[in-house]
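Peer 1: coordinates only, sequence not included:
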């Protein structure tokens, strides 16, 4: 869990903020999350941020089910910007605690592929071979822009996902 306020212009080399919600991070507007994503492998496919309710039952649940039940779900998707670091912004419906997921859909299938795609969470704990823990995805969003850094993890042999 992380709570911090950030100005849109701060960050790695003044990198452009990506995503359809980028304006929400401009000038300290919010509530929104400004995620600095490090360790991107390449420019293949798409990258995305997804916002979920902060409970185990809804974490990483199918978006259609969440929306049908009037639960929090938001996704921002953009073309992968290339290797290294990217900054993405996603709006939150109101200040509060949420679960945040970052995904790098390298094969463009719009479904997580264990062998190809990358993933990350604000907690930056090594994912390994098990389902990610809700505790690692939690983020407290304030009324302004909440900043977090997410290190992308890709499959690293038999040990599972890692940095």
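Peer 2: Cool, the structure landed. The shown structure was predicted, so the numbers you read here are calculated from the model rather than taken from an experiment. Numbering: from 1, shown residues only.
Peer 1: separation between the residue nearest to residue 124 when sequence neighbours are not counted and residue 128?
Peer 2: Nearest residue to residue 124 in three dimensions, chain neighbours excluded: residue 151, at 5.0 Å (C-beta to C-beta, 6 or more residues apart in numbering). For glycine as for every other residue, the C-beta is placed from the backbone atoms N, C-alpha and C. Residue 151 sits 14 Å away from residue 128, taking C-beta to C-beta, to the nearest Å as the criterion.
Peer 1: likewise residue 88?
Peer 2: Going from residue 88 to residue 128 by C-beta to C-beta gives 25 Å.
Peer 1: of these two, who's got more company?
Peer 2: residue 88 (25 against 13; other C-beta atoms under 10 Å).
Peer 1: Pretty sure that one sits against residue 38.
Peer 2: No - counting by C-beta atoms under 8 Å, residue 88 does not reach residue 38; the two are 12.0 Å apart.
Peer 1: Please spell out which residues along the longest helix seen in the chain are buried.
Peer 2: Scanning the chain for the helix with the most residues, using DSSP state H, yields helix 63-68. Residues residue 66 are the ones in helix 63-68 that count as buried (16 or more other C-beta atoms under 10 Å).
Peer 1: Repeat that for stretch 55-75.
Peer 2: For stretch 55-75, by 16+ other C-beta under 10 Å, it's 58, 59, 60, 61, 66, 72, 73, 74.
Peer 1: neighbouring contacts of it?
Peer 2: Defining contact as C-beta atoms under 8 Å, 6 or more residues apart in numbering, one finds that stretch 55-75 is touched by 48-53, 90-93, 98-99, 101, 131-132, 134, 137.
Peer 1: Got a ChimeraX select line for the buried ones in the residues you listed?
Peer 2: The buried residues among these can be selected in ChimeraX (16+ other C-beta under 10 Å) with this line:
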select :48,49,50,51,52,53,90,91,92,98,99,101,132,134,137
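Peer 1: re earlier: for the buried residues of stretch 55-75, which one is nearest residue 43?
Peer 2: residue 74 (24.2 Å; C-beta to C-beta).
Peer 1: For the closest one, give the beta-bridge partners.
Peer 2: residue 51 (DSSP bridges).
Peer 1: again with the one 5 residues further on
Peer 2: According to DSSP bridges, the partner residues bridging residue 79 are residue 46.
Peer 1: Now the residue nearest to residue 124. Its backbone dihedrals?
Peer 2: Note on residue 151: its backbone torsions stand at phi -90, psi 120 [degrees, to the nearest 10].
Peer 1: so who does it touch?
Peer 2: With contacts defined as C-beta under 8 Å, 6+ apart, residue 151 is in contact with 37, 38, 39, 120, 124, 163.
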